[in-house]
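Visitor: dropping a prediction and its sequence here:
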Amino acid sequence: MTTKTPAAADTGATDPIFLEVFWTRVRSIADEAAKLIVRTSFSTLSSEANDFAVVVTDSQGRSLAENSGSIPSFIGTLPRTVRAVLDQVGAGAMEPGDVFITNNPWIGTGHLNDVCLVKPIFHQARLVGFAATAGHVPDIGGKIRSVDARELFEEGFHIPVMRLLRNGRPDESLLTLIRTNVRTPEQTVGDIWSQVGAVELIATRLGEVLGEYGLAGIDDLAAALFDRSEAAMREAIRKIPEGEYRYEMETDGFDQRLRFVVAVRVADGRVECDFTGTSGQQPRAINCVLAYTSAMTVYAIKCLLLPELSNNDGLFRPIVAIAPAGTILNPNSPAPVGGRACTGHYVPVAIFGALASVLPDRVMAGAGSPLWIANLSGTRSNGKPFATVLFYNGGLGATAGKDGSSAMSWPSNISPTPIEVAERDSPLFFRYKRLRPGSGGAGRFRGGLGEEICFVNRHETPVSIVFLTERIRVPAPGLAGGGHGACGEVLVNGVAIDSRRPHVLAPNDEVILRTPGGGGYGPLAERDENLVSADRLHGYAR
């Protein structure tokens, strides 16, 4: 098929075929940049765990395309990062060869461990768009990431909006500061350079596409795409009966459980998710900045209404998240935020619960998420420090049509760390990793199973370990009469521990992690006998 190239004076914005071809090419550029990050990153957080994202925006910082494997939260936060950089620096002060950097939680993805880069893209001496990346680096200094921090300053090295590259030349003083303040200087700075390669590639490829089609910029095409996508989302929203739908739930908390409240208001092709009534911000690192809360809100609504359409700014416009300042979903700086996923991952669960009465065939019961994280640090035999991050997942909730998937990441899409990689990069020996029989909530459709992981510290000296865990006390809820999933457990040498506090593993200490199961959907009495038999056959039931 031959695609007609528009004349230079014609942006092609009125031609739906050309618009789709152009958008597909921009998305493919983002995917190529993502592959570059996977192939050149120094740590496993990008190459194995997929804890990064790539976004291309128009000249106003509005999201045009992202890599297809992007993390949902980053897709919602990265365009905000671009706009924050644009506001602080100003378009007139930007030049070709500039690359900006920040890890400010309120500008970036919500915690210091994610480093964001923003590169202005110029074509024919004119600013036409931005390339942006966000990536979780293996260490950012401060205390090892945990929910035990009491303020942001404990959580690591804070990078305000700065130029990492000016006219293509790096700020060596900034790089020296980063290397000096982290436990993994080669990996952390190496991952940052990997992101630099990605944004440079995007700028080059986009310039080639604009030159090929004789285009001066992308704003007109982006605006046409946004308008079409916004119309599609509003049409999908209008199919939901107008009204207010409420849901409340509790989570583990600390001395007291935390309360989540959401009122989902649907009216005139618009969805407003109001979290007023949710618990206040905490003196622990589970606070979730509004940008992350908004990203999870958009993700939840998009999953329910338009899951097949690629993300862009137009889809986001009819969806609004409201959370009062000073709450766990909109904390004031310098609140600690290192474990913000422990809170933010509950946002889609609450929204699904609120809309279950009007979208019963689309929602999912509570998942055994937020994802679990084990952060290890210590000193190698050569005297150099090391730090490793390991990810584990619980079971997904069941839906009205099928059992929940087992040991699956949601609402993030972070991959679990392969055992072979974990043993290569850390002084651990894994005895086993297996599913937890009976951990999924009972119902017409069963919740997904959690997993059980057992590893031993084989280091000759003690190793510090910090866990980020949830659903230790409050299980994943079922829907429509389904049962709740099993709670998670963390044991050291066979004894249950408080996983919210840092621990030290002596040589040969054994750790067992049992991640939570997902909630069931519908009454157990309605479960098909063939499914019951299959569970017994595969060992999924106790």
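Guide: All right, it came through fine. Numbering: from 1, shown residues only.

Visitor: wait, isn't residue 213 in contact with residue 22?
Guide: Yes: counting by Cβ atoms under 8 Å, residue 213 touches residue 22, with 7.3 Å between them. In short, each C-beta sits where N, CA and C put it, glycine included.

Visitor: so residue 123 is in contact with residue 207, correct?
Guide: Yes: under the criterion of Cβ under 8 Å, residue 123 makes contact with residue 207 at 5.4 Å.

Visitor: what's the local residue count around residue 541?
Guide: For residue 541, the count of nearby residues is 16 (other Cβ atoms under 10 Å).

Visitor: once you drop chain neighbours, what's closest to it?
Guide: Spatial nearest neighbour of residue 541, excluding adjacent residues (Cβ to Cβ, 6 or more residues apart in numbering): residue 535 at 4.2 Å.

Visitor: wait, a helix at the one you found?
Guide: Yes: assigned with DSSP: H, G, I helix; E, B strand; the rest coil, residue 535 falls within a helix.

Visitor: pull the number of nearby residues for it.
Guide: 19.

Visitor: before we move on, what about residue 377?
Guide: Residue 377: 22 neighbours (other Cβ under 10 Å).

Visitor: ok, what's across the strand from it?
Guide: As for beta bridges, residue 377 partners with residue 387, residue 464 under DSSP bridges.

Visitor: now do residue 165
Guide: Where residue 165 sits in a bridge, its partners, by DSSP bridges, are residue 99, residue 170.

Visitor: distance check, it against residue 200.
Guide: For residue 165, the distance to residue 200 (Cβ to Cβ, to the nearest Å) stands at 9 Å.

Visitor: who touches both of the two?
Guide: Counting by Cβ atoms under 8 Å, 6 or more residues apart in numbering, the shared contacts of residue 165 and residue 200 are residue 99.

Visitor: ok so, going back, residue 123 and residue 207 - which one has more neighbours?
Guide: residue 123 (20 against 15).

Visitor: what separation do you get for that one and residue 94?
Guide: Taken as Cβ to Cβ, the span from residue 123 to residue 94 is 13 Å.

Visitor: same question for residue 526.
Guide: From residue 526 across to residue 94, the span is 60 Å (Cβ to Cβ).

Visitor: show me which of those two is the more surrounded one.
Guide: A direct count of neighbours by other Cβ under 10 Å for residue 526 and residue 94 places residue 94 higher, at 20 against 11.

Visitor: mind listing what the residue nearest to that one when sequence neighbours are not counted touches?
Guide: Excluding the flanking residues, the one nearest residue 94 by Cβ to Cβ, 6+ apart is residue 120, at 4.3 Å. When contacts are counted by Cβ under 8 Å, 6+ apart, residue 120 touches 91, 94, 95, 96, 98, 127, 129, 130.

Visitor: quick one: secondary structure of residue 120?
Guide: Under three-state DSSP, residue 120 comes out as strand.

Visitor: surely residue 249 forms part of a helix?
Guide: No: applying three-state DSSP, one finds residue 249 to be strand, outside a helix.

Visitor: where along the stretch 251-400 of the chain do the strands fall?
Guide: Assigned by DSSP state E, counting those that start in this stretch, the strands in the stretch 251-400 of the chain fall at 258-267, 270-274, 319-322, 372-379, 385-392.

Visitor: just send those strands back as JSON lines, with mean pLDDT too.
Guide: Formatted as JSON lines, the strands of the stretch 251-400 of the chain follow (pLDDT from 0 to 100):
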{"stretch": "strand 258-267", "mean pLDDT": "98"}
{"stretch": "strand 270-274", "mean pLDDT": "98"}
{"stretch": "strand 319-322", "mean pLDDT": "98"}
{"stretch": "strand 372-379", "mean pLDDT": "92"}
{"stretch": "strand 385-392", "mean pLDDT": "89"}
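
Visitor: looking at those strands, which is nearest to residue 308?
Guide: Closest to residue 308 of the strands of the stretch 251-400 of the chain, according to Cβ to Cβ: strand 319-322, at 16.9 Å.

Visitor: contact partners of that closest one?
Guide: Contacts of strand 319-322 (Cβ under 8 Å, 6+ apart): 233, 270-276, 290, 293-294, 297-298, 301-302.

Visitor: now with 6 Å, please.
Guide: Outside strand 319-322, the residues that touch it by Cβ atoms under 6 Å, 6 or more residues apart in numbering are 271, 272, 273, 274, 293, 294, 297, 298, 301.

Visitor: that one: how far from the chain's middle?
Guide: Distance of strand 319-322 from its chain centroid, counting by Cα atoms, centre = their mean, to the nearest Å, is 18 Å.

Visitor: report the strands that pair with it, each with its relative direction.
Guide: strand 270-274 (parallel).

Visitor: other residues contacting the strand it pairs with?
Guide: So strand 270-274 is contacted by 237, 262, 263, 264, 265, 297, 301, 318, 319, 320, 321, 322 (Cβ under 6 Å, 6+ apart).

Visitor: what about residue 16, how many neighbours?
Guide: Neighbours around residue 16, by other Cβ under 10 Å: 12.

Visitor: give the closest residue to it in space, chain neighbours not counted.
Guide: With Cβ to Cβ, 6+ apart, the residue lying closest to residue 16 is residue 228, at 8.0 Å.

Visitor: helix, strand or coil for that neighbour?
Guide: Strictly by three-state DSSP, residue 228 counts as helix.

Visitor: any idea how far it is from residue 13?
Guide: 10 Å.

Visitor: now do the same contact list for the closest residue to residue 425 other than its chain neighbours.
Guide: Spatial nearest neighbour of residue 425, excluding adjacent residues (Cβ to Cβ, 6+ apart): residue 388 at 5.5 Å. Counting by Cβ under 6 Å, 6+ apart, residue 388 makes contact with 376, 425, 426.

Visitor: so what's the residue count around the nearest residue to residue 463 once chain neighbours are set aside?
Guide: Using Cβ to Cβ, 6+ apart and skipping residues adjacent in sequence, the residue nearest residue 463 is residue 378, 4.2 Å away. Counted with other Cβ under 10 Å, residues neighbouring residue 378 total 21.

Visitor: thought residue 460 was touching residue 378, still the case?
Guide: No: applying Cβ atoms under 6 Å, one finds residue 378 not in contact with residue 460, separated by 10.0 Å.

Visitor: OK, contacts around residue 437?
Guide: With Cβ under 6 Å, 6+ apart, residue 437 has these contacts: 539, 540, 542.

Visitor: looking at those residues, which one is closest to residue 497?
Guide: Using Cβ to Cβ, the contacts of residue 437 come closest to residue 497 at residue 542, 24.4 Å.

Visitor: now for the biggest helix by length in the chain, which elements pack on it?
Guide: Ranked by number of residues, the top helix in the chain under DSSP state H is helix 185-213. The elements that helix 185-213 packs onto, with contact taken as 3 or more Cβ pairs under 6 Å, 6 or more residues apart in numbering; DSSP states H and E, are helix 16-40, strand 114-123, strand 126-136.
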